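Engineer: give me a 3D structure for the following:
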Amino acid sequence: MEQLERHIEPGLEAAAVGMCQGIVLGLYRCRDKDADRVLGWAGEDFPVESACNSVATLARESAARRRRAWRLPQDFFARVPEWASLLQRATRG
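Structural biologist: Numbering: from 1, shown residues only. The predicted structure follows:
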């Protein structure tokens, strides 16, 4: 998340959006991993909550610092179908 914010600060929109996509995809891919792994200790909802937090941070921080909310491309949500509606809501804040 710190790196995401570091890309937003100087106005690196493509880098910030790409990083946010990477965070979301990484969490999405490990959402159903065994509970005895690291994410299992964090809790069942940790991946989706963290993904929503990264999307919300992208929109909120870019709006505050760049005066326009940056969002993930609409076609990206097809890559995370189980989370698409939650992520879109998080984007709207």
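Engineer: what is the burial count for residue 60?
Structural biologist: Neighbours of residue 60 under the rule other CB atoms under 10 Å: 16. (Glycine included, C-beta is placed from N, CA and C.)
Engineer: so who does the residue lying closest to residue 50 once chain neighbours are set aside touch?
Structural biologist: Nearest residue to residue 50, sequence neighbours excluded (CB to CB, 6 or more residues apart in numbering): residue 27, at 5.7 Å. Going by CB atoms under 8 Å, 6 or more residues apart in numbering, residue 27 touches 47, 48, 50, 51.
Engineer: mind checking how far residue 27 is from residue 21?
Structural biologist: Per CB to CB, to the nearest Å, residue 27 is found 11 Å from residue 21.
Engineer: where is the longest helix in the protein?
Structural biologist: Across the chain, the longest stretch assigned as helix under DSSP state H is helix 46-66.
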